[in-house]
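Enquirer: Sequence and computational prediction follow.
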Amino acid sequence: MFDKSAIAASLRTEAAKKEFHLLYGGSDRAAAEEADRYEALLETYVSRFGCQGETPVFFSSPGRTEIVGNHTDHNNGRVLAAAVTLDTLAAAAPTQDGIITLYSAGYDAPFVVDTADLEKKEEEKNTTFALIRGVCRKLRDMGYEVGGFNAAVTSRVLSGSGLSSSAAFEVLLVCILDGLYNGSILDGVTRAKISQWVENNYFGKPSGLMDQSACSIGGLVGIDFKHADPKISAYSFDFEARGFSLVVLATRSSHDDLTDEYASIPREMKAVAEVLGGKVLRDVKVEQLLERLPEVREKTSDRAVLRALHYYDENERVRAMYTALENGDLDGFLGGVIRSGESSWKLLQNLYVGGSTAQSLALACALSERMLRGSGAWRVHGGGFAGTILAFVPNYKLAAYVEKMNAVFGPGACTVLGIRPVGAKKVEL
């Protein structure tokens, strides 16, 4: 039996305040609000499982924002991404029966998985059960310990927000099992690779590795996926000190039923690469594409060629953005963000589904350009087709921008973000 009041008291210590500042930034008042949130999750845990068994501990996995590098990762390209100060949070404790019982806010029934049965189940495709079972399977296959646990989970990385709620949850599962059974020995890249494997093979979504890497590693990171072990570089750039805020604008359009649209992008890019003798576009040069363009058009499609051209332009743009950050070149950086968004709109074609009159991402970008032209930047955020855009807004325009966009897309459509310096972790209290 554990002492709930002792855990609650630990959330009000100076050590906890320091940890909350690390994870969420902000003031002491904000840290106190996080303590309230953690205590509410503890109450949920106790209401579900009682105070029997081992003492629950907290694990936090951040959402992520894609700064630049739209749909480059799945063809071994470059990206620039960042962990953000919104997270998926769990209170979890190990059990002796090998059963995982996970209650998630918003769901009445728990997700229950027996770690004695980790075979992929077709009927669980695209479900939380598949993610839990898949993480356990991959960890066990890699030689790590796996066992049962009880958990209560809540999230501020809302589904469909464009901040990669699925990757945050996948990485959180890995972090919990690593923390409870392996002493938190896994590095961020390994956690990300496990999560991607699960999403590809158990959940059934052909994702790249960017989302999981940003959530797992933390900070502002450049990731080059040319080789099996991605090259990861950390960058330090204080947008707040330069008078800018990051804003994610949720257009309230749904990602539901868009898996085929997302899957078409890597499929078409790889089809172009295969005509040119490679597996992914990183294997071949843009000059080869241009030299053999009639053949590639005939064997793929015009859209596939345009998407391949986006890949090559975007990959070089990311490299230029790395240099801009290193040199503190804010104008060059913002210009790169805008050009990335224009390329996604024109070449990649992922701001809306072809033939649909619902074009909220395009509308959000058009309105952002009118408000921020010459002073900020804007682009599609994440996979596209629906969901969110990302804007870099000068603080003197922030209130007006938020007011305008909330009026168009609904109250609370805008979320102002901070960049979180660390990735998924056991919370130290």
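Expert: Now that the structure is in, tell me what you want to look at. Numbers count the residues shown, from 1 in each chain.

Enquirer: And this structure, split by domain according to the record?
Expert: Listed domain ranges for the chain are 4-63+84-218+420-426, 244-417 (source: automatic domain parsing).

Enquirer: Quick check: what element follows the helix or strand of the chain with the lowest mean pLDDT along the chain?
Expert: When each helix and strand of the chain is scored by mean pLDDT, DSSP states H and E, strand 231-235 comes last, with a mean of 87. Sequence-wise, the next helix or strand downstream of strand 231-235 (DSSP states H and E) is strand 244-250.

Enquirer: mean confidence for that following strand?
Expert: For strand 244-250, mean pLDDT rounds to 92.

Enquirer: on contacts alone, who are the packing partners of that strand?
Expert: Packing contacts for strand 244-250, counted by 3 or more Cβ pairs under 8 Å, 6 or more residues apart in numbering; DSSP states H and E, involve strand 388-394, helix 395-409, strand 414-417. For the C-beta atoms, the positions are set from N, CA and C on the backbone; glycine is no exception.

Enquirer: Please state the offset of stretch 343-359 from the chain centre?
Expert: The chain centroid and the centroid of stretch 343-359 are separated by 21 Å under Cα atoms, centre = their mean, to the nearest Å.

Enquirer: Give me the buried stretch members for it, please.
Expert: Within stretch 343-359, the residues scored as buried using 16 or more other Cβ atoms under 10 Å are 343, 344, 345, 347, 348, 349, 350, 351, 352, 353, 359.

Enquirer: got any ranges where the protein has weak pLDDT?
Expert: 158-162, 208, 254-256 (pLDDT under 70).

Enquirer: That one: strands as residue ranges?
Expert: Under the criterion DSSP state E, the chain contains strands at 57-68, 78-94, 99-104, 111-114, 149-155, 220-224, 231-235, 244-250, 377-381, 388-394, 414-417, 425-426.

Enquirer: now those strands as CSV including mean neighbour count and distance to residue 209?
Expert: Formatted as CSV, those follow (neighbours: other Cβ atoms under 10 Å; distance: least, Cβ to Cβ, whole Å):
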stretch, mean neighbour count, distance to residue 209
strand 57-68, 27, 12
strand 78-94, 25, 9
strand 99-104, 20, 24
strand 111-114, 17, 24
strand 149-155, 24, 21
strand 220-224, 23, 8
strand 231-235, 14, 11
strand 244-250, 23, 21
strand 377-381, 27, 18
strand 388-394, 25, 20
strand 414-417, 19, 22
strand 425-426, 18, 19
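
Enquirer: among those, which is nearest residue 369?
Expert: Comparison of the strands of the chain against residue 369 by Cβ to Cβ identifies strand 377-381 as nearest, at 6.3 Å.

Enquirer: Check which helices and strands the closest one sits against.
Expert: In terms of contacts (3+ Cβ pairs under 8 Å, 6+ apart), strand 377-381 is packed against strand 57-68, helix 330-343, helix 360-372, strand 388-394.

Enquirer: who does that strand pair up with?
Expert: Strand 377-381 has the following strand partners under DSSP bridges: strand 388-394 (antiparallel).

Enquirer: which residue is nearest the centroid of the chain?
Expert: When Cα atoms, centre = their mean is applied to the chain, the residue found nearest the centroid is residue 164 (3.3 Å).

Enquirer: Check the spacing between that residue and residue 322 real quick.
Expert: Going from residue 164 to residue 322 by Cβ to Cβ, to the nearest Å gives 21 Å.

Enquirer: ditto for residue 398
Expert: Distance, residue 398 to residue 322, by Cβ to Cβ: 27 Å.

Enquirer: Please apply the same query to residue 232.
Expert: To residue 322, residue 232 is 12 Å away according to Cβ to Cβ.

Enquirer: what does residue 253 give?
Expert: Note on residue 253: its distance to residue 322, by Cβ to Cβ, is 31 Å.

Enquirer: So these two - more neighbours on which side?
Expert: Counting neighbours by other Cβ atoms under 10 Å for residue 253 and for residue 322 shows that residue 253 has the greater number, 22 against 18.

Enquirer: what sits against the nearest residue to residue 263 once chain neighbours are set aside?
Expert: Distance criterion Cβ to Cβ, 6 or more residues apart in numbering; nearest residue to residue 263, sequence neighbours excluded, is residue 206 at 5.2 Å. For residue 206, the contact set (Cβ atoms under 8 Å, 6 or more residues apart in numbering) comprises 74, 200, 262, 263, 266, 267.

Enquirer: Inside helices: which ones of these?
Expert: Among the contacts of residue 206, DSSP state H puts 262, 263, 266, 267 in helices.

Enquirer: Looking at these, which one is closest to residue 392?
Expert: Nearest to residue 392 among the ones in helices among the contacts of residue 206, with distances taken as Cβ to Cβ, is residue 262, at 24.9 Å.

Enquirer: count of residues packed around the closest residue to that closest one other than its chain neighbours?
Expert: Excluding the flanking residues, the one nearest residue 262 by Cβ to Cβ, 6+ apart is residue 383, at 5.1 Å. When neighbours are defined as other Cβ under 10 Å, residue 383 has 24 of them.

Enquirer: Tell me the backbone dihedrals of residue 383, please.
Expert: Dihedral angles of residue 383 (phi, psi; degrees, to the nearest 10) stand at phi -70, psi -30.

Enquirer: from what I can see it touches residue 350, true?
Expert: Yes. Counting by Cβ atoms under 8 Å, residue 383 does reach residue 350; the two are 7.0 Å apart.

Enquirer: if I look at those two, which residues touch both of them?
Expert: Counting by Cβ under 8 Å, 6+ apart, the shared contacts of residue 383 and residue 350 are residue 71.

Enquirer: Can you lay out the buried residues of stretch 343-359 as a markdown table showing distance to residue 101?
Expert: As requested, the buried residues of stretch 343-359 are exported to a markdown table (distance: Cβ to Cβ, whole Å):
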| residue | distance to residue 101 |
| --- | --- |
| 343 | 46 |
| 344 | 41 |
| 345 | 45 |
| 347 | 47 |
| 348 | 41 |
| 349 | 43 |
| 350 | 38 |
| 351 | 41 |
| 352 | 41 |
| 353 | 38 |
| 359 | 43 |
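
Enquirer: which residues touch the spatially closest residue to residue 368 that is not a sequence neighbour?
Expert: With Cβ to Cβ, 6+ apart as the criterion, residue 368 has its nearest non-adjacent residue at 3.7 Å, and that residue is residue 378. Contacts were defined as Cβ under 8 Å, 6+ apart; by that measure residue 378 touches 337, 338, 341, 364, 365, 368, 369, 372, 389, 390, 391, 392.

Enquirer: Just list whatever residues bridge to the last one.
Expert: According to DSSP bridges, residue 246, residue 377 are recorded as the beta-bridge partners of residue 392.

Enquirer: Can you work out which residues contact both of residue 232 and residue 322?
Expert: Common contact partners of residue 232 and residue 322 (Cβ under 8 Å, 6+ apart): residue 222.
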